[in-house]
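*Asks:* Pasting the sequence and the predicted model now:
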There are 2 protein chains.
Amino acid sequence: MADSLRERTRRAVRAEIAQAAVALFAERGFDETTVEDIARAVGMTKRSFFRYFPTKEDAVFAGTEVLVERVVADLEARPADEDPWESLHQVLRRWEEPIFSAGAGADGRRLVESTPALRARLHQKRETWRTAARDALAARHGLDTFTADLLTNAATAILDAAAQEWARTGGDADRAELVDRGFAALRPG
Amino acid sequence: MADSLRERTRRAVRAEIAQAAVALFAERGFDETTVEDIARAVGMTKRSFFRYFPTKEDAVFAGTEVLVERVVADLEARPADEDPWESLHQVLRRWEEPIFSAGAGADGRRLVESTPALRARLHQKRETWRTAARDALAARHGLDTFTADLLTNAATAILDAAAQEWARTGGDADRAELVDRGFAALRPG
DNA sequence: TCACCTTACGACACCAAGTGACAGCTTTGT
DNA sequence: ACAAAGCTGTCACTTGGTGTCGTAAGGTGA
């Protein structure tokens, strides 16, 4: 069974913890919330919290793990003769939202945007999928590593700028449109 | 006196701590070195270490504070009618080295490049000067915030790619040339 | 020179994030 | 039904980081 009861329960518990954590963070702030608070909120020990998440920060980014594979898969599903930049554009346009906030909804986004520790963790997470995307891009289009790095880094630069603008406007900005503008502006050539 | 004896000794002590810290980190690894180890190495208490640096990570980035002002000053010294992208290019080409490693030499660079906690902190530091650079750029060239963010983010994307390539080649790559290539490739238009 | 004030330091106590080890309970596979 | 595997609480421990206090030293003005 690829999906045993144990695994399902575990995922459910993880999700419950994550939800409680984000709620508490949004209410009291990240630093003002202790891991014990979160654990108690879902009826477990501090120790058990760390059996579901490696760090306090990670509770906000629950469910991101699959993202990497999906983005890479999408990247590899694009026509091989397509402009690499265009491939990145199309794929990231689709995954912009989950990549940006890593799955914690609008609350989570605001939270991440306003908490340095979480921003730092987000960057770390990004590095993971960026490496994967870089390798996929390099393999599919025969790019050297520097160029592949350059393109994927630039792509995340666009995502960041869109996220910043979104945060600045209080959540009103059309992020997809901003991403389009960014990709148009930085198109290599 | 803008430069009293107190201030000078303080700077000297800071530098000494930083040096000891980087040395220990390079020798034993970041996680394997405790703050007390560093403090003892320079003959002080853990408590006093934290009177010179807010966090353990920051010991590696000693002397970065001035960088922000200098980069901004350079940015504002560029001709006002110059292409903003070109201004960024010229300025960052000059400051690429200190910005990248934040002043701890080649050892420090390798250290940062290979230690997730330090990479995270570096990104945070970057955000500081990026914000400043963004504001300066926006003010000088009358750009909207999104465009200014986009350009500065892209610029750091280039710096990152160059740093990654540099690390990959074991320190042989000509970073200035890579930066030039990056700026040429992503030139907006 | 003497009194004054600021600064730096050590010492101590404390909190929170993680980690390791152990013991007991429940679930699963056979 | 039974053993292996998984989850949990409990306890002890390390480490990064902070607040407080007492005190010694250095710099400042009369």
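*Replies:* Yes, it's here.
*Asks:* Which per-residue confidence value corresponds to A:Ala106?
*Replies:* With respect to pLDDT, A:Ala106 scores 73.
*Asks:* got the contact list for it?
*Replies:* A:Gly171 (Cβ atoms under 8 Å, 6 or more residues apart in numbering or on different chains). The way it works is simple: take the backbone N, C-alpha and C, and place the C-beta from them, glycine included.
*Asks:* tell me the secondary structure for it?
*Replies:* helix (DSSP: H, G, I helix; E, B strand; the rest coil).
*Asks:* Next one: it from chain B, what distance?
*Replies:* 20 Å (Cβ to the nearest Cβ, to the nearest Å).
*Asks:* continuing past the lengthiest helix in chain A, what's the next helix or strand?
*Replies:* For chain A, the longest helix by residue count, based on DSSP state H, is helix A:116-141. Using DSSP states H and E, the next helix or strand after helix A:116-141 towards the C-terminus is helix A:145-168.
*Asks:* now the least confident helix or strand in chain A by mean pLDDT, how far from the centre of its chain.
*Replies:* Ranked by mean pLDDT, DSSP states H and E, the weakest helix or strand in chain A is helix A:105-114, scoring a mean of 82. Centroid separation for helix A:105-114 versus its chain: 12 Å, with Cα atoms, centre = their mean, to the nearest Å.
*Asks:* where's the residue nearest to A:Ala173 when sequence neighbours are not counted relative to A:Arg109, distance?
*Replies:* Leaving aside its sequence neighbours, A:Ala173 sits nearest to A:Trp166 (Cβ to Cβ, 6 or more residues apart in numbering or on different chains; 4.6 Å). Separation of A:Trp166 from A:Arg109 (Cβ to Cβ, to the nearest Å): 8 Å.
*Asks:* Show me the shaky parts of chain A.
*Replies:* Regions of chain A meeting the criterion pLDDT under 70 cover residues A:1-2, A:101-104.
*Asks:* What residues does it have near DNA strand D?
*Replies:* Taking Cβ under 7 Å from any atom of the strand as the test, the list of chain A residues beside DNA strand D reads A:6, A:10, A:13, A:43-48, A:51-52.
*Asks:* Now rank those by neighbours and give me the top one.
*Replies:* Tallying neighbours with other Cβ atoms under 10 Å in any protein chain shown puts A:Tyr52 at the head of the residues of chain A next to DNA strand D, with 20 neighbours.
*Asks:* surely it meets A:Arg11?
*Replies:* No: between A:Tyr52 and A:Arg11 there is no contact under Cβ atoms under 8 Å: 9.9 Å.
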